[in-house]
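Asks: the sequence and its predicted three-dimensional model are supplied below.
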Amino acid sequence: MDDPDQSPLRSLPIEVVVCVGRARPLLREILGLAPGAVLPLDRRVDDPVELFVGDRLIARGELDEIGGGEGRVLAVRLTDVAPLRGGAA
């Protein structure tokens, strides 16, 4: 198994977290949350989102949707990808 591209580890699923922004509410605001409440974030709607694996930033992108009709799902269109150690996937 000298070829790293043939490693079985490359077939393992990993979790990618998409960060759309952060909020810093006061505790009293958190305790008062109810359905319909709005929690402002530190980003604008058209700002890029960040993608993380663990605490490592791997990419940035824009929110998008794919599919049609009832099958529409939220997605991220990548605009910038960090160089990955060990080469690209």
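Replies: Alright, I've got the coordinates. Residues are numbered from 1 along each chain as shown.

Asks: name the residues that touch stretch 43-50?
Replies: 18-21, 57, 59-63, 76, 79-80 (C-beta atoms under 8 Å, 6 or more residues apart in numbering). Every C-beta, even on glycine, is put in place using the N, C-alpha and C of the backbone.

Asks: also stretch 9-29?
Replies: Stretch 9-29 is contacted by residues 39-43, 47, 49-53, 58, 63, 76, 89 when judged by C-beta under 8 Å, 6+ apart.

Asks: list just the nearest of those residues to residue 30.
Replies: Lowest distance from residue 30 to the contacts of stretch 9-29 (C-beta to C-beta) belongs to residue 39, with 8.9 Å.

Asks: sorry, back to before: which of the contacts of stretch 9-29 count as buried?
Replies: 49-51, 58, 76 (16 or more other C-beta atoms under 10 Å).

Asks: for residue 85, state which of those is nearest.
Replies: Nearest to residue 85 among the buried ones among the contacts of stretch 9-29, counting by C-beta to C-beta, is residue 58 at 11.1 Å.

Asks: what about residue 75, distance to residue 63?
Replies: 8 Å (C-beta to C-beta, to the nearest Å).

Asks: follow-up on the earlier one: least confident of the contacts of stretch 9-29?
Replies: Among these, residue 89 carries the weakest pLDDT, at 46.

Asks: ok, residue 59 - how many residues close by?
Replies: Applying other C-beta atoms under 10 Å, we find 19 residues neighbouring residue 59.

Asks: beyond the helix or strand it falls within, next helix or strand please.
Replies: Applying DSSP states H and E as the criterion places residue 59 in strand 56-66. Proceeding N to C from strand 56-66, the next assigned helix or strand is strand 73-81, under DSSP H and E.

Asks: partners of that following strand in the sheet?
Replies: strand 56-66 (antiparallel) (DSSP bridges).
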